[in-house]
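Below: sequence and its predicted model.
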Amino acid sequence: MSTNLEAVINPLIAACEEGFLPDELYVLENPGVGDQFDDITSMMERVVIEYSGEDPDLSVTQLETETDFQGIVEHFREPIAQIQADGGTAAVDVTPGRKFMSAIAFQAGIQFKAEHVFYLYVSNNRFYGRLYPDVPRPVVELVDFQEVF
């Protein structure tokens, strides 16, 4: 998970606005995000509650080291398989995090056939660091890479 609140929250808000309302949130807790982790996950839950009226389940994968590549892969593989087995819709957000984590998230979303692989594109860096409601809509686009491929 990123330590940047906006990088995590903004794609979630955009997905909710597009009608994707998760009832489960799966997040990585990697070394270095400890101070912001509770604030970010609390905000994630709040966003889902505001859009869906339901309190989502929160599942956390704790990594011993941020380079636990196999652990990161499993963080995506297992929930995607379980959600699909339960008849749900799985989505992976590749927006936040370190480049290698986003690369793994992207590959996992495509390879394990998540229904959505989201990336929030902000075309003007003047709006980096601002929450989604404060960013003009012509500047943001929620890309679903499952629709691109």
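Thanks, I have the structure now.

Show me what the biggest helix by length in the chain is packed up against.
Longest helix in the chain, counting residues (DSSP state H): helix 34-52. Counting contacts by 3 or more C-beta pairs under 8 Å, 6 or more residues apart in numbering; DSSP states H and E, helix 34-52 is packed against helix 5-17, strand 24-29, strand 57-62. Glycine gets a C-beta too; all of them are placed from N, C-alpha and C.

quick one: low-confidence parts of this structure?
Where the chain drops to pLDDT under 70, the residues are 1, 33-34.

which ones are touching the residue nearest the centre of it?
Nearest to the geometric centre of the chain sits residue 93, at 3.6 Å (C-alpha atoms, centre = their mean). Neighbouring residues of residue 93 by C-beta atoms under 8 Å, 6 or more residues apart in numbering: 8, 11-12, 15, 105, 118-120.

that older thread, contacts for the longest helix of the chain?
1, 3, 5, 8-9, 12-13, 16-17, 21-23, 25, 27, 29, 33, 54-56, 58, 60.

Give me the buried subset of the residues you listed.
By neighbour count, with 16 or more other C-beta atoms under 10 Å, the contacts of helix 34-52 hold 1, 3, 5, 8-9, 12-13, 16, 22, 25, 27, 29, 33, 56 as buried.

hang on, the earlier thing: using CSV, please lay out the contacts of residue 93 together with distance to residue 64.
Converted to CSV, these look like this (distance: C-beta to C-beta, whole Å):
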residue, distance to residue 64
8, 21
11, 26
12, 26
15, 30
105, 19
118, 27
119, 28
120, 29
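
Which of these are buried? Put it as a ChimeraX command.
Here is the ChimeraX command that selects the buried residues among the contacts of residue 93 (16+ other C-beta under 10 Å):
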select :8,11,12,15,105,118,119,120
